[in-house]
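Enquirer: when you get a sec, could you give me coordinates for this:
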Amino acid sequence: MAKKKRKSAGKSVAAGQKNPDTSDSVKNAAKKRKKEQTSDQPSLAQLLKKRRGVAADTPAPPIWKDKLGRAFLTPDDDQNAFDECLKTSFKGFYFDTPSSLPQTIHQTFDLSFEGLERGGLFLYDVVQPGKKKLTQTSVTRTLVGDPGSTYKYLGLRLFSHPWVDVDANGNALHLDKAKQLGSSLERLEYSSRTASALIAMGRVNKDLTDRSMQKLRQHVSAKPVGSADFNLTLVNKMESVSAKRDLKREAAYNMGKTSVGWHRDSGLKDFSSIAVYQKQKSQGSNTSKPFGVALRAMDGGAGGPLPSVPALMAPLPSGSLYYMLDDFNHNHEHAVIAGDDGVRYSSTHRVAREGQGTWQYIRDKIHNLQSTATMFDWSVGKVDDPTLSPKKRKQKLVSRLRNQEALLSEIEFEWLRQWFVQGHKHAKLHPYWHDPIKVLIKSFCVLEDTTVQIIKLLKEASKRGATESDLCETLFDVLIESFTERNNKRKEWARRYKDPIFRDLAENERPFACPCLDRVAKKESDDYLSPDLESSIRSLRELRSAFVSSDEQGEGMDDAKYDKSKLKKDKKKKKKSTLTNKEKKKVASNWNAMKSKISG
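Expert: Numbering: from 1, shown residues only. So this is what the prediction gives:
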């Protein structure tokens, strides 16, 4: 009996090597866990890009041709033709009539529009289409959304008002008690009415997200579909033709005057949907022409208008909610045709790209750079990491300086300039952003002080060469290239600030000075950087040349064969050594091109 037991035990051990309940199952479970840890689930954006490409790759919509050759259609002129064209060439555009929407949606939007209006949050924007002439928008608008969100269009960054409560760090704070809602916004100095309007907009945004998702499931078969998780809304107030006489005429189809011209909404996640609620307050008779939404089909995500497809003009009634689902915004444009009288409010809920356009993003980027500052001793130009080789330490120092200078430029041109160009009135109306702007100003000053310290170090190094430090000539290149690019952008912004368009605005709507950027120029000093970086660039070129020369001479002095005649050759190299490595390559490539032309 004992033998049988031992034998069966032996079989059990031998079989255990293939038994799924023992070692193999453990190994498989371990492999599964490892796979789950090492392979993250792809994001929706990654799936969309892999399976459906990007916005520019979107094909043109199907063609519907009008037998009568009309330029545009309205349901009043020919309901059947309008419906057929809409169904064929404008798939993705749908709308809910006012009567089909819950009364709570209408009431919430009414509350929000009134509160935003009374709070004075609607402002004209001075934009720069195509980086050319500045122009003022024909509508007033305001941005409401996730705390810290922004929206950039036509060269201007809009700063949002938060539609939820926020904590001390500017992040969303979800309060449970109804009495507490909006309390943190009031502490930021929003009025009680304005705070309620913002909270109401955030509440109705959730309803629009749910309704948009239902429309996507009902009408869009593409897999995967884009997002409808709206993170901000651009709220517009449009005046009628009778109130605003300078509206431009819609020239392509002669539809009338436009409140907003033809465009695709920009800065959004690819394939994301848009939901728009509109409210019209008429002051005239029922026979007055209402505001209308115009649509036209485009030849794909990067093409122009399709001439074979007539445009559509939909005179949607007040209280309508319309949707532009999935890829509709890629291969269609829309415009708003002005009504004869009254005012139109519209709340356009979108899924904006979050990457580089939030307070949290730039705040964390600054924090991450500052948190690693102890690794770099700029007093002697060394990287505090003994595990790295000399070459790796030099590369790390260069990378650090490049990241620092890029961050300085980003803070200046993407945030501070964008804030101060919009005037005191705009600043006063956006209390959420007061502390973030102070942090950005302080961070800029600290980073620029570090740059000044680095230049002092490079100045000393130019006299004695690299010696025992991790310094190299590429550090000079980084500063020269960064300063050159920054100086060119400063000139562009200086021209923008002086544009004649601001003369016609009220004093509190004109650009005002930024403490760290628009300081009064002082005498030349090593302790600060002049706003005009030309002299700093020239000085860095001279220091670079001296650094390269002293480094080469230092190496040569250790060589017994070093000859004084070499100094003469070094003088010829001096001019060349003021160029960065990129500039040297460019000069060499231009010379090679000239030689090939001569020989040809």
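
Enquirer: quick one: the strands in the stretch 151-300 of the chain?
Expert: 156-159, 161-162, 165-166, 172-173, 232-239, 248-250, 256-263, 274-281, 292-297 (DSSP state E, counting those that start in this stretch).

Enquirer: looking at these, which is buried most?
Expert: Mean neighbour counts were compared across these using mean count of other CB atoms under 10 Å; the top stretch is strand 161-162, at a mean of 28. Bear in mind the C-beta positions are built from the backbone N, C-alpha and C, glycine included.

Enquirer: in its sheet, what does that one sit against?
Expert: Sheet pairing for strand 161-162, assigned by DSSP bridges, gives strand 135-145 (parallel).

Enquirer: what's the nearest residue to Tyr497 if we skip its chain neighbours?
Expert: Closest residue to Tyr497 apart from its sequence neighbours, by CB to CB, 6 or more residues apart in numbering: Pro511 at 4.7 Å.

Enquirer: so the one you found makes contact with Val421?
Expert: Yes: with contact defined as CB atoms under 8 Å, Pro511 reaches Val421; the gap is 4.6 Å.

Enquirer: so which of the strands of the stretch 151-300 of the chain is nearest Ser43?
Expert: Minimum separation from Ser43 across the strands of the stretch 151-300 of the chain (CB to CB) falls at strand 232-239, 19.4 Å.

Enquirer: where in the stretch 201-350 of the chain is pLDDT low?
Expert: Scanning the stretch 201-350 of the chain for pLDDT under 70 picks out the ranges 283-287.

Enquirer: could you rerun that using 80?
Expert: Applying pLDDT under 80 to the stretch 201-350 of the chain flags the ranges 282-288.

Enquirer: circling back to that earlier point, can you list the strands of the stretch 151-300 of the chain in a markdown table and add distance to Asn581?
Expert: Below are the strands of the stretch 151-300 of the chain laid out as a markdown table (distance: least, CB to CB, whole Å):
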| stretch | distance to Asn581 |
| --- | --- |
| strand 156-159 | 34 |
| strand 161-162 | 46 |
| strand 165-166 | 46 |
| strand 172-173 | 46 |
| strand 232-239 | 43 |
| strand 248-250 | 50 |
| strand 256-263 | 42 |
| strand 274-281 | 46 |
| strand 292-297 | 49 |
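
Enquirer: out of the ones you listed, which gets nearest to Thr108?
Expert: Of the strands of the stretch 151-300 of the chain, nearest to Thr108 by CB to CB is strand 274-281, at 9.6 Å.

Enquirer: that older thread, could you tell me which residues touch both of Pro511 and Val421?
Expert: Counting by CB atoms under 8 Å, 6 or more residues apart in numbering, the residues touching both Pro511 and Val421 are Tyr497.

Enquirer: about what we covered before: which residues are in contact with the residue nearest to Tyr497?
Expert: Applying CB under 8 Å, 6+ apart to Pro511 gives the contacts Phe420, Val421, Gln422, Gly423, Tyr497, Phe502.

Enquirer: okay, these in TSV with neighbour count, pLDDT and secondary structure next?
Expert: Listed next are those as TSV, based on neighbours: other CB atoms under 10 Å; pLDDT from 0 to 100; DSSP: H, G, I helix; E, B strand; the rest coil:
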residue	neighbour count	pLDDT	secondary structure
Phe420	22	98	helix
Val421	22	98	coil
Gln422	23	98	coil
Gly423	21	98	helix
Tyr497	16	94	helix
Phe502	19	97	helix
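
Enquirer: nearest to Arg544, of those?
Expert: Closest to Arg544, out of all of these and judged by CB to CB, is Tyr497, at 32.3 Å.

Enquirer: sorry, back to before: so which of the strands of the stretch 151-300 of the chain gets nearest Ser192?
Expert: If you check each of those against Ser192 by CB to CB, strand 165-166 wins as the nearest, at 13.6 Å.

Enquirer: what's in contact with that closest one?
Expert: So strand 165-166 is in contact with 147, 172-175, 180-185, 188, 199, 432, going by CB under 8 Å, 6+ apart.

Enquirer: give me the sheet partners of that strand and which way each runs.
Expert: Using DSSP bridges, strand 165-166 pairs in its sheet with strand 172-173 (antiparallel).

Enquirer: residues in contact with the strand it pairs with?
Expert: Residues outside strand 172-173 that contact it (CB under 8 Å, 6+ apart): Asp146, Pro147, Pro162, Val164, Asp165, Val166, Asp167, Ser184.

Enquirer: mean confidence for it?
Expert: For strand 172-173, the mean per-residue pLDDT is 92.

Enquirer: so how far is it off the chain centroid?
Expert: Distance of strand 172-173 from its chain centroid, counting by CA atoms, centre = their mean, to the nearest Å, is 22 Å.

Enquirer: CA atoms of stretch 53-65 as PDB?
Expert: Taking Å, rounded to 0.1, in the frame of the first residue of the first chain, the C-alpha atoms of stretch 53-65 are listed here in PDB:
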ATOM      1  CA  GLY A  53      -6.100  58.300 -39.400                       C
ATOM      2  CA  VAL A  54      -6.300  62.000 -38.500                       C
ATOM      3  CA  ALA A  55      -8.600  64.900 -39.400                       C
ATOM      4  CA  ALA A  56      -6.700  65.800 -42.600                       C
ATOM      5  CA  ASP A  57      -7.100  62.300 -43.800                       C
ATOM      6  CA  THR A  58     -10.900  62.400 -43.600                       C
ATOM      7  CA  PRO A  59     -12.400  61.700 -47.100                       C
ATOM      8  CA  ALA A  60     -15.000  63.900 -48.700                       C
ATOM      9  CA  PRO A  61     -18.600  63.200 -47.900                       C
ATOM     10  CA  PRO A  62     -20.900  61.500 -50.600                       C
ATOM     11  CA  ILE A  63     -22.000  63.800 -53.400                       C
ATOM     12  CA  TRP A  64     -25.600  65.000 -53.800                       C
ATOM     13  CA  LYS A  65     -26.200  67.000 -56.900                       C
END
